[in-house]
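K.L.:
Fold the following, please.
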Amino acid sequence: MKCQMALLMLTALPGLVGADVPSAWHILEDSKVASGGGAWDSVGSLQTKGTLTFGGTSGQLTSYQDLANAKFRNDVALGPLRQSTGFDGKRGWTLDSNGDVAPHDSASEQAADRTEAYLAARDYWFPNRWPATVTARGDIVDGRSRYEVLRIEPRGGEPFRMWIDAASRRINRVILEGKFNKEVTSYADYRDVHGLAVPFRISVTAGPSDSGQTITVSQVTVNQPLAVDRYEMPKQHLADYAFTPNARSAEIPFRLVGNHIYLAAEINGHHFQFGLDTGGMNIITPSVAKAIGVRTGGSAQASGVGDKRITVSFARIPAVSLGSKLTLHNQLFVVVPLPGINAVEGTPLDGVVGYELLKRFVIRIDYASQRLQILPPADLEARSAGTAVPFTFDGRMPQVAGSLDGLTGRFDVDTGSRDVLSMNSPFVKSHSLLRRYDPTPLTVVGWGAGGASYGKVARAREFRLGEVSVPCPLVALSTQAGGTDAERSVAGVIGNGLLRRFTVTFDYPRQLMYLRRGRGGVRSFDYDRAGMWVNRLNHSFIVASVMAGGPAQRAGLRKDDLIVSVDGKDTGTLQLAAFRHTLESSPAGTKVDLKLDRAAGMVQAVVTLRDLIPGCKEIEQ
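P.N.:
As a prediction, the model looks like this:
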């Protein structure tokens, strides 16, 4: 389950680049004059302090900018959240509240860091410092004001648009096409600081539904000497865990339900069920926070599968025990409301452990025996682990190079995903995958914190991860316009549907994933033969979506039908995952007798299963 927090990172102020278009040059020259002119030529560094307000919570933010060398660092303290981000001139990094240091490895992160560094250094006023292209895009009238718009693309960075107020000649806003949403940073309340015009109010929004974040600047210090290591990636020291006495490793059983991994967790004497999510952060639900009596604070916004954004808070938990074998101490958890997620999964999901756990250990997932082995990195025997696949980090998510029928791209490795492979909508569109394959009609292909996600499903010939070949995989082709499925920098996501064919070992410290073929050989990848998405509702199953022309629709099923019995068995006694598996694994021609509860009364329906996508043999022909 990929979930990204939208926390503000102060980008020096606005900035842009030199250009070949004289009018664009004149606009930038005028904006520099209006903001202090030659006074900026002697500025080597800035330190900005202020109050960050987000979601009704206020905290402190300190930002450091090295204008001479295009470096930056931002320190945020918002309730229990402590986070630092920085760029040392070559590489970006994040230090989170649990002491985890994450290098910014992915191409999208590196491009974003370069643009932020470019803005921090005001290199749009100093075109000889950092090459870039700038283009005048004409005027825009917004309300009573007119703005001159420039498009700027720093070398190696992300392009952005800058609006310059035609009357004051000062920068009004910077617009970035962010990873998930358009990010608009607005600048106001310009004040004089040693001859420099500096905005003392900075606000950031990430889409129409975003309530936004605001920085109210309290102090700007010019040319203050800083320690030379201020911008360097901090060293990581993690000693916040303990195995059971006299043990240096742990083996924990898990449940594999609906292609999701569930672990037993204990907090303050309360027992819960947590998911294991390679790209996820520590998460608990508000009901768990209430049950254990933990205080919550802070605020941020998150995006997940589906279009919706959700507001989250934070809590510090003294001790979390996993499988009674390993205890994590003093961990920051994100408190995330997951309305309806238990109905989607058919089993309780009280929280998630992921990046923080994997960053500290080597984790081996034996899907066949449903056991999780947790080892110190020094104890890994690489020879027996399988084929090594290197990965980089995209935020917290491990990301690998792969190819789908010869189409190469970067893929997230996400144990929070039930899918085999899911392709993000920009990759689907740019490679015309809906025409390349013979997909199903539009249908629900996933469900997460952001609601349902839609797309079409097909079967490909081959997916490759280095030397590892996976034949005939199922592929979900997203049509989403928003959410993580619309991320442009990633081709797609590898989920548990594919990973469970292997014993998978994650070595986060060395950034390696090992794949060893699972016992029993490679099984076929089956897809639902009924053409419907079903969730749980109390003691019934509720039909959440019906595929056009599919067996369920032909049998008369409708959205919001309640299924109260399957082949004569009360659905209150059936597991949702088992019912879904029946619809996938039963051969074409199987008849499934359903009893439906509708407002008009009880209805009988017989769904005759059939193949909705080609089989492997058909693909190979």
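
K.L.:
Point out where the stretch 51-200 of the chain drops to low pLDDT.
P.N.:
Applying pLDDT under 70 to the stretch 51-200 of the chain flags residues 178-181.

K.L.:
now the helices for it?
P.N.:
107-120 (DSSP state H, counting those that start in this stretch).

K.L.:
likewise the stretch 351-500 of the chain?
P.N.:
355-360, 382-385, 425-430, 433-436, 496-499.

K.L.:
Quick one: mean pLDDT for the top strand by length along the chain?
P.N.:
The longest strand of the chain (DSSP state E) is strand 309-322. Across strand 309-322, the average pLDDT comes to 87.

K.L.:
That strand: partners in the sheet, and parallel or antiparallel?
P.N.:
Each strand paired with strand 309-322, and its direction, by DSSP bridges: strand 260-267 (antiparallel), strand 296-303 (antiparallel), strand 326-335 (antiparallel).

K.L.:
Buried ones in that strand, by neighbour count?
P.N.:
By 16 or more other Cβ atoms under 10 Å, the buried positions in strand 309-322 come out as 309-310, 312-317, 320-322. For glycine as for every other residue, the C-beta is placed from the backbone atoms N, C-alpha and C.

K.L.:
Tell me who's in contact with the closest residue to Met233 other than its chain neighbours.
P.N.:
Nearest non-adjacent residue to Met233, counting by Cβ to Cβ, 6 or more residues apart in numbering: Trp93, 4.0 Å away. Applying Cβ atoms under 8 Å, 6 or more residues apart in numbering, we find Trp93 in contact with 85-87, 101-104, 233-234.

K.L.:
if I look at Trp93, how far off is Ala102?
P.N.:
Taking Cβ to Cβ, to the nearest Å as the measure, Trp93 and Ala102 are separated by 7 Å.

K.L.:
Now do Gln331 against Gly354, distance only.
P.N.:
According to Cβ to Cβ, Gln331 and Gly354 sit 12 Å apart.

K.L.:
so what's in contact with those two at the same time?
P.N.:
Asn282.

K.L.:
okay, the two: which has more neighbours?
P.N.:
Counted by other Cβ atoms under 10 Å, Gln331 and Gly354 do not tie: Gly354 has more neighbours, with 24 against 21.

K.L.:
Could you pull out the buried residues of stretch 484-502?
P.N.:
Within stretch 484-502, judged by 16+ other Cβ under 10 Å, the buried ones are 484-487, 489-502.

K.L.:
any idea which element Val33 lies in?
P.N.:
Element membership of Val33, judged by DSSP states H and E, is helix 22-34.

K.L.:
Please disregard the earlier target; I meant Val504.
P.N.:
Counting by DSSP H and E, the element that carries Val504 is strand 502-507.

K.L.:
That strand: partners in the sheet, and parallel or antiparallel?
P.N.:
Short version: by DSSP bridges, strand 502-507 pairs with strand 362-366 (antiparallel), strand 512-517 (antiparallel).

K.L.:
Now do the strands in the stretch 201-350 of the chain.
P.N.:
For the stretch 201-350 of the chain, strands defined by DSSP state E, counting those that start in this stretch occupy the ranges 213-222, 241-243, 250-253, 255-257, 260-267, 270-276, 283-284, 296-303, 309-322, 326-335.

K.L.:
Tabulate those (JSON lines), appending distance to Leu52.
P.N.:
Shown next, in JSON lines, are the strands of the stretch 201-350 of the chain (distance: least, Cβ to Cβ, whole Å):
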{"stretch": "strand 213-222", "distance to Leu52": "6"}
{"stretch": "strand 241-243", "distance to Leu52": "31"}
{"stretch": "strand 250-253", "distance to Leu52": "38"}
{"stretch": "strand 255-257", "distance to Leu52": "40"}
{"stretch": "strand 260-267", "distance to Leu52": "29"}
{"stretch": "strand 270-276", "distance to Leu52": "30"}
{"stretch": "strand 283-284", "distance to Leu52": "22"}
{"stretch": "strand 296-303", "distance to Leu52": "10"}
{"stretch": "strand 309-322", "distance to Leu52": "14"}
{"stretch": "strand 326-335", "distance to Leu52": "17"}
